[in-house]
Every structure is written in structure tokens, then in C-alpha cells.
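Asks: missing the sequence, but the structure's below:
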């Protein structure tokens, strides 16, 4: 049982990390696009 619970916990933690990393990557991409647009507006 201990091995099963540890495996399920590891799988849950892995899914949580994947979701968190995915959201962070999307957020960083959005921020980079916004910064690029701001720079273009300032230079033009």
C-alpha cells in the first residue's frame, strides 16, 4: 500500500507541476509579446 500511495502522490505531483509549468510558459509568452508591442509603440 505504501508503494501505491507514493506512486499516486508522485503522479499527482507530476500533473500539478506540468500544469504549473504550462501556465508559466503561457504567461511568459504573453508578457514577452506585450513587451515587444510596447517597445514598437515607443520606437514608432
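Replies: It's in. Note that this is a predicted model, so its numbers are computed, not measured.
Asks: Any stretches of this structure with poor pLDDT?
Replies: 1-4 (pLDDT under 70).
Asks: try it again with 80
Replies: 1-6, 44 (pLDDT under 80).
Asks: what about residue 36, how many residues close to it?
Replies: 10 (other C-beta atoms under 10 Å). Glycine gets a C-beta too; all of them are placed from N, C-alpha and C.
Asks: So what touches stretch 10-19?
Replies: With contact meaning C-beta atoms under 8 Å, 6 or more residues apart in numbering, stretch 10-19 is reached by no other residue.
Asks: buried ones in it?
Replies: Of the residues in stretch 10-19, none count as buried by neighbour count, 16 or more other C-beta atoms under 10 Å.
Asks: starting at the chain centroid, how far to it?
Replies: Put simply, stretch 10-19 sits 12 Å off its chain's centre (C-alpha atoms, centre = their mean, to the nearest Å).
Asks: cool, and stretch 36-44?
Replies: 26 Å.
Asks: Also stretch 25-37?
Replies: The answer for stretch 25-37 is 13 Å, by C-alpha atoms, centre = their mean.
Asks: try stretch 11-23
Replies: The answer for stretch 11-23 is 8 Å, by C-alpha atoms, centre = their mean.
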